[in-house]
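> pasting the sequence and the predicted model now:
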Amino acid sequence: MAQTFTDAERRLTLAALMIVFLLSALDQTIVSTAMPRIISELNGLNLYSWVTTAYLLSSTVMVPIWGKLGDIFGRKPVLITGISIFLAGSWLSGLSGEFGTVLGVPGMVQLIVFRALQGIGGGALFTTAFAIIADLYPPRERGKFAGIFGSVFGLASVLGPIIGGYFTDHGTVQIGPHTVAGWRWVFYVNLPLSLLSLFMVIVKMPKLEHRRSGKIDFLGAALLIAAFVPLLLALSLAGHDFAWASPQSLGLFGLAIGALVTFVFVETKVSNPIVPMHLFRNRVFVTANLAGFLISMAFMGVVMFLPLYLQLGRGVSATLSGMAMLPLMAGLITGSTVAGQLVTKTGQYKPYMITGASVLLIAVFLLHDLSKIGHLGQLALLLAFVGLGLGPGQSLFNIATQNAVDPRDLGVATSSNQFFRQIGSTVGAALAGALLTARLAGLPGGLNLGALEGMAIKAAAEGGSAQADPALQAALIHAVSGVMVAAVFVVAAGLVAILMIPALPLKSRQPAAVAEPT
């Protein structure tokens, strides 16, 4: 029989989840504007990318593991554990390098290790929040709440760089004889919010019933980590730290493939697998995750190099290039919220998925030749439509998946959706960077991405816009336009995947779990 909750329990739980979700979303963007100051103070320019990569690796590979643990032990203890680890990682990240080299470990390496710890906890926040919404509300009612949570993600994407920049520039404080650098508050700001959410979860959140029993699949968890850590490392670092065809890249890809094949084999043999293979016989699960992967991949391809294009291709300031992304986030918030409300009202999700992907396809197609963009107002309008098209996907892929699986598999199904989307973002970022570099290198007097990024950073440090020569501007516009063309094809593939998703009616009542076989 399905568990029941009071309205007060639901409201307080949702408030706690909103804080948790905001924490996780903010931490993906808030560090970016602080990084130049961090590397100058901790002397870690050669390790720049690892601060982001460490968080990405640990949070991504832990998502399906946390989801499975939630199915076995319940959402509440998993969420408490995740918030606690995230809190500890945030505090230690803020302390990195504060006392110089500790036990032979320099400050930048300390930050990378603690960011990885933060990511381990962060991996539990997103997936557990969505799974708890599914525990509290029947599928038809989830749309409006999932839409609101998608809006929180869009809002955090806007506020993160602004908050990070403010603390970095104005947050330095003197406590007695000791100076606390402003960038450290980028991590410390998580502490009061984490403690508040932890209190609300422990005291106010009802105990959610366990969905499954059984032992933890330690071997499956180890193989999952062994498969996707090398894959994400290869995608993140190939083409930047070493070539795609280098022994390092090929070795990482080979290790990932070998571990993944072994993982699939093991998961078919154990009694309580991390990722039940029977889910891949569910058409909604397969097609919704494929669509989420492709749309996330296209999104990264579209937005990753727009600031670089604006600064060097259009000669605008770094601040203005960041502000130019606001229409995209406004569109995303609007699209996510409206789609969620309509799903709850109609009980259908597929029409809004198709509409969103179609709007996204048209908007990206109109962006495919950036030389035709006459002024920034035109670009802002197109980015607003990109956001509108992306909005429905922030929640509806997850709702469709949750609606189609047995409640016993709710946690792992929810985490799988988030997992495939994060992998899609990583693949999109890697392939967009590789394509941009290839198009730049193919031009007469070929350039490289590192040189362009260096010019942009130098221009931003000097406080002015990047006044590049016309040949450089034309080269960059040509290269970024090529990335947009590729994104058109990826979005089209995503639309095809959406058309293949079965249109199951959303259940108006919370289903009861099927009894465990004995």
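Happy to help now that I have it.
> would you agree S96 is in contact with L111?
Yes - look at S96 against L111 with CB atoms under 8 Å: they come within range, at 3.8 Å. Backbone N, C-alpha and C define where each C-beta goes, glycine included.
> got any residues that touch both of those two?
Common neighbours of S96 and L111 (criterion: CB atoms under 8 Å, 6 or more residues apart in numbering): L42.
> got the confidence number for the spatially most central residue of the chain?
Nearest to the geometric centre of the chain sits Q422, at 5.2 Å (CA atoms, centre = their mean). pLDDT, Q422: 81.
> which non-adjacent residue is nearest it?
T60 (4.6 Å; CB to CB, 6 or more residues apart in numbering).
> ok, I19 next?
S197 (4.1 Å).
> show me what contacts A380?
A380 sits next to 324, 326-327 when contact means CB under 8 Å, 6+ apart.
> typed the wrong thing, it's A438
With CB under 8 Å, 6+ apart, A438 has no contacts at all.
> check which helix or strand covers it.
Taking DSSP states H and E as the definition, A438 sits inside helix 410-441.
> what does T179 give?
Here T179 is assigned to strand 178-180, by DSSP H and E.
> mean confidence for that strand?
The pLDDT scores in strand 178-180 average 73.
> I'd like the average pLDDT over the very next helix or strand once past it.
The helix or strand immediately downstream of strand 178-180 is helix 185-188, counting by DSSP H and E. Across helix 185-188, pLDDT averages out at 83.
> in helix 185-188, what counts as buried?
185-188 (16 or more other CB atoms under 10 Å).
> can you add distance to L436 and give the residues you listed back as TSV?
Output for the buried residues of helix 185-188, formatted as TSV (distance: CB to CB, whole Å):
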residue	distance to L436
W185	34
V186	28
F187	31
Y188	35
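> what's the strand or helix carrying T337 packed up against?
Counting by DSSP H and E, the element that carries T337 is helix 326-346. If you count contacts as 3 or more CB pairs under 8 Å, 6 or more residues apart in numbering; DSSP states H and E, helix 326-346 packs onto helix 139-170, helix 350-366, helix 376-390, helix 396-404.
> how close does E141 sit to L224?
32 Å (CB to CB, to the nearest Å).
> please tell me how far A479 sits from P307.
As judged by CB to CB, A479 and P307 stand 14 Å apart.
> who has more neighbours out of those two?
More crowded of A479 and P307, by other CB atoms under 10 Å: A479, with 26 against 18.
> the more buried one: what's its closest spatial neighbour, skipping adjacent residues?
R439 (4.1 Å).
> who's in contact with that neighbour?
So R439 contacts 478-479, 482 (CB under 8 Å, 6+ apart).
> which of these lies closest to H278?
G482 (41.1 Å; CB to CB).
> check contacts around that closest one.
By CB under 8 Å, 6+ apart, the neighbours of G482 are 435-436, 439.
> with pLDDT as added columns, please give those in TSV.
Listed next are these as TSV, based on pLDDT from 0 to 100:
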residue	pLDDT
L435	82
L436	79
R439	78
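> in TSV: these, plus distance to D7.
Converted to TSV, the contacts of G482 look like this (distance: CB to CB, whole Å):
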residue	distance to D7
L435	51
L436	51
R439	56
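> tell me where this structure has strands.
Remark: strands assigned in the chain by DSSP state E are 173-175, 178-180.
> and the first one, what does it pack onto?
Of the remaining helices and strands, those touching strand 173-175 by 3+ CB pairs under 8 Å, 6+ apart are strand 178-180.
> about what we covered before: identify, out of the helices and strands packed on helix 326-346, the most deeply packed stretch.
helix 396-404 (a mean of 27; mean count of other CB atoms under 10 Å).
> picking that back up, in a markdown table, list the contacts of R439 along with pLDDT.
A markdown table is the format used below for those (pLDDT from 0 to 100):
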| residue | pLDDT |
| --- | --- |
| H478 | 82 |
| A479 | 83 |
| G482 | 87 |
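> the closest residue to L476 other than its chain neighbours - how many residues pack around it?
Excluding the flanking residues, the one nearest L476 by CB to CB, 6+ apart is G313, at 4.4 Å. The tally of other residues near G313 (other CB under 10 Å) stands at 26.
> shouldn't G313 be in contact with V480?
Yes - with contact defined as CB under 8 Å, G313 counts as touching V480 (6.8 Å).
> list residues touching both of these two?
With CB under 8 Å, 6+ apart as the test, G313 and V480 both reach L370.
> the nearest residue to V480 once chain neighbours are set aside: neighbouring residues, count only.
Excluding the flanking residues, the one nearest V480 by CB to CB, 6+ apart is Y309, at 4.5 Å. By the criterion of other CB under 10 Å, Y309 has 26 neighbours.
> tell me which residues touch Y309, please.
Per CB under 8 Å, 6+ apart, neighbours of Y309: 370, 476-477, 480.
> mean confidence for stretch 264-271?
86.
> my bad, stretch 405-418
80.
> just the C-alpha atoms of that stretch, please, in PDB.
Taking C-alpha atoms only, stretch 405-418 is exported to PDB below (Å, rounded to 0.1, in the frame of the first residue of the first chain):
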ATOM      1  CA  VAL A 405       9.000   1.900 -13.600                       C
ATOM      2  CA  ASP A 406       8.000   0.000 -10.600                       C
ATOM      3  CA  PRO A 407       8.200   2.100  -7.400                       C
ATOM      4  CA  ARG A 408      10.900  -0.300  -6.100                       C
ATOM      5  CA  ASP A 409      13.200   1.000  -8.900                       C
ATOM      6  CA  LEU A 410      12.300   4.600  -8.400                       C
ATOM      7  CA  GLY A 411      15.700   5.700  -7.000                       C
ATOM      8  CA  VAL A 412      17.900   4.000  -9.600                       C
ATOM      9  CA  ALA A 413      15.600   5.100 -12.400                       C
ATOM     10  CA  THR A 414      15.700   8.700 -11.200                       C
ATOM     11  CA  SER A 415      19.500   8.600 -10.700                       C
ATOM     12  CA  SER A 416      20.000   7.000 -14.200                       C
ATOM     13  CA  ASN A 417      18.200   9.900 -15.800                       C
ATOM     14  CA  GLN A 418      20.500  12.400 -14.000                       C
END
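> distance between that stretch and the chain's centre?
18 Å (CA atoms, centre = their mean, to the nearest Å).
> can you list the buried residues in that stretch?
Buried, per 16+ other CB under 10 Å, within stretch 405-418: 405-418.
> now do the same contact list for the closest residue to K204 other than its chain neighbours.
Sequence neighbours aside, L12 is the residue nearest to K204 in space, at 4.2 Å (criterion: CB to CB, 6+ apart). By CB under 8 Å, 6+ apart, L12 lies in contact with 200, 204-205.
> these two touch, right, Q402 and Y137?
No - in this structure, Q402 is not within contact of Y137 by CB under 8 Å, at 10.2 Å.
> how about low-confidence regions in the stretch 301-450 of the chain?
Within the stretch 301-450 of the chain, the stretches falling below the threshold (pLDDT under 70) are 311, 316-322, 442-450.
> can you tell me what sits against the strand holding T179?
By CB under 8 Å, 6+ apart, the list of residues contacting strand 178-180 reads 172-174.
> G254: how many residues sit nearby?
12.
> typo on my end, M300
For M300, the count of nearby residues is 22 (other CB under 10 Å).
> same check on A288?
32.
> just the pLDDT for it.
For A288, the model assigns a pLDDT of 92.
> now render the helices and strands packed on helix 326-346 as JSON lines, adding distance to T53.
Shown next, in JSON lines, are the helices and strands packed on helix 326-346 (distance: least, CB to CB, whole Å):
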{"stretch": "helix 139-170", "distance to T53": "18"}
{"stretch": "helix 350-366", "distance to T53": "27"}
{"stretch": "helix 376-390", "distance to T53": "24"}
{"stretch": "helix 396-404", "distance to T53": "25"}
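> which stretch among the ones you listed comes nearest A430?
Per CB to CB, nearest to A430 of the helices and strands packed on helix 326-346: helix 350-366, 18.8 Å.
> so what's the gap between that closest one and the chain middle?
21 Å.
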